[in-house]
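>>> Structure here, sequence nowhere to be found:
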């Protein structure tokens, strides 16, 4: 329950979420994302549910995947869109405001 509250608090402020999501797993989250992305093949399709700041979506898009990334928070998606554009993968990442239930 504490992790859920922690996550919801950070979703209200993307900058805090960005820092928190890196600190919470003791700096190991990047390694997990890299491991998951290593299974993605050029031209593969990825669905990133609860994409947040699109850390996983960006890694997989850089490997040549076509990514659909969904999140319920429009503020997070705005930050995610800017991040994908800055890293030049926005043509491979389609961001959608939607819940997992709606999916």
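Arrived safely, thanks for sending. Since the structure is predicted, the reported quantities are computational estimates derived from the model, not experimental observations.

>>> What are the phi and psi values at the closest residue to residue 50 other than its chain neighbours?
Closest residue to residue 50 apart from its sequence neighbours, by Cβ to Cβ, 6 or more residues apart in numbering: residue 71 at 5.9 Å. All C-beta atoms are positioned from the backbone trio N, CA, C, and that covers glycine. Residue 71 has phi and psi values of phi -160, psi 150 when expressed as degrees, to the nearest 10.

>>> My read is that residue 71 contacts residue 80, right?
Yes. Residue 71 is in contact with residue 80 according to Cβ atoms under 8 Å; the separation is 7.2 Å.

>>> which residues in this protein form helices?
2-11, 14-23, 29-37, 55-62, 74-86 (DSSP state H).

>>> Compare the mean pLDDT across those and name the weakest.
Mean pLDDT per stretch puts helix 2-11 lowest among the helices of the chain, at a mean of 48.

>>> so what's the residue nearest to residue 50 up against?
By Cβ atoms under 8 Å, 6 or more residues apart in numbering, the contact set of residue 71 is 50, 51, 52, 77, 80, 95, 97, 98.

>>> ok, it to residue 55 distance?
Note on residue 71: its distance to residue 55, by Cβ to Cβ, to the nearest Å, is 12 Å.

>>> swap in residue 82?
14 Å.
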